[in-house]
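Student: Any chance you can model this:
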Amino acid sequence: MGKLDEYYNKFNEDKRLTRRHGIVEYQTSMKYIHDYIPEGSRLKIIDIGAGTGRYSIPLSKEGHEVTAVEPAAPNLGKLKAKKSDVRAFRGSAVDLKKFPDNTYDLTILFGPMYHLISHEDKLKALKEAGRITKPDGVIFVAYCMNEYSVLTYGFKEHHLLECMDSGRISPDFLCTPEKDELYDYVRMEEIDRLNREAGLVRLKIISADGPANYMRTVLNSLSEEEFRLFLQYHLSTCERPELVGAGAHTVDILRKEDFLSISG
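Tutor: Numbering: from 1, shown residues only. Okay, the predicted model is just below:
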């Protein structure tokens, strides 16, 4: 069993997006996904790093033809056990050769960038996502953000000094994980560089969860009406450039550069 399998054998990914801070991330991401699905359409969708099917299965139930790719066997087993219409495969975001070019209307890459440590592997994943997406298709890519890691794991959980001593956090507070670690955290300039090198152009970028992960105990104490208003507040602010990058998760919404240059 590899490290990713061992991790997800213990971590309950199935429940992560059902807690209040996860609901914020899930509902925000789904809202923006639906913004790019024409009403009444039936799309070909691929969910790379699909986890246990939190996005794949609802989109399939809406009538879309959904393919899921997941590297962690525990997650894939849970996805398949749900007996949905999703076609699920074990595979890696950096090697999607079984899927042909220009096939999917919508490509979701919500898990891989968390676990791909090197710039080179992230770039491979982005290029593969671009290759299998139709020229006019849309690609959704999620990242874990640097400042969230520094503020929570570093300062809040009192690991900052040991991380700086070991070089895992640089003197300018950039997370620099070792190659065998499970998570990587990025800043906006790294996301921008990846897009340029992959030939992808941003349509929008959003903070999928905003302050929600910093406010877990507060969110859990809110009444249903207060939580509804928090969601409303978050959706009204999640595109604000001064907030994108400050949350735990950022979602980049992209198209191929060559399509936009032709259509524009």
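Student: how many neighbours does the nearest residue to Asp180 once chain neighbours are set aside have?
Tutor: Leaving aside its chain neighbours, Asp180 sits nearest to Lys3 (7.3 Å; criterion: C-beta to C-beta, 6 or more residues apart in numbering). C-beta: built from backbone N, CA, C; applies to glycine. Residues lying near Lys3 (other C-beta atoms under 10 Å) number 12.
Student: distance of Lys3 from Thr250?
Tutor: According to C-beta to C-beta, to the nearest Å, Lys3 and Thr250 sit 24 Å apart.
Student: Report the contact partners of the closest residue to Leu109 other than its chain neighbours.
Tutor: Spatially, and ignoring its direct neighbours in sequence, Leu109 is nearest to Val141 (4.6 Å; C-beta to C-beta, 6+ apart). By C-beta atoms under 8 Å, 6 or more residues apart in numbering, Val141 lies in contact with 109-110, 113, 126, 129, 251-252, 254.
Student: Remind me which helix or strand the residue sitting furthest away from the middle of the chain belongs to.
Tutor: Most distant residue from the mean C-alpha position of the chain: Asp165, 29.7 Å away (C-alpha atoms, centre = their mean). Here Asp165, judged by DSSP states H and E, is contained in helix 160-166.
Student: Distance from the chain centre to that helix, please.
Tutor: Relative to the chain's own centre, helix 160-166 is displaced by 27 Å; criterion: C-alpha atoms, centre = their mean, to the nearest Å.
Student: for stretch 245-257, same thing?
Tutor: The chain centroid and the centroid of stretch 245-257 are separated by 8 Å under C-alpha atoms, centre = their mean.
Student: and if you look at stretch 135-155?
Tutor: Relative to its chain's centre, stretch 135-155 lies at 7 Å (C-alpha atoms, centre = their mean).
Student: Can you list the buried residues in that stretch?
Tutor: Across stretch 135-155, burial judged by 16 or more other C-beta atoms under 10 Å covers 137-151, 153-154.
Student: And stretch 238-255, by the same measure?
Tutor: Here stretch 238-255 shows 238, 243-255 as buried, counting by 16+ other C-beta under 10 Å.
Student: what's the average pLDDT for it?
Tutor: On average, the pLDDT along stretch 238-255 is 95.
Student: Show which residues not belonging to that stretch make contact with it.
Tutor: Outside stretch 238-255, the residues touching it (C-beta under 8 Å, 6+ apart) are 25, 28-29, 32, 36, 110, 130, 136-145, 147-148, 187-188, 191, 195, 200-214, 237.
Student: 7 Å instead?
Tutor: 25, 28-29, 32, 138-145, 147-148, 187-188, 191, 195, 200-211, 213, 237 (C-beta atoms under 7 Å, 6 or more residues apart in numbering).
Student: And for the residue nearest to Ile132 when sequence neighbours are not counted, the neighbour number?
Tutor: Excluding the flanking residues, the one nearest Ile132 by C-beta to C-beta, 6+ apart is Phe99, at 4.7 Å. Using other C-beta under 10 Å, Phe99 has 17 neighbouring residues.
Student: Assumed Phe99 was part of a strand.
Tutor: No: Phe99 is assigned coil when assessed by DSSP: H, G, I helix; E, B strand; the rest coil, not a strand.
Student: Per-residue pLDDT of the closest residue in space to Asp95 that isn't next to it in sequence, please?
Tutor: Of all residues not flanking Asp95 in the chain, Glu128 sits nearest, at 7.1 Å (C-beta to C-beta, 6+ apart). On pLDDT, Glu128 comes in at 97.
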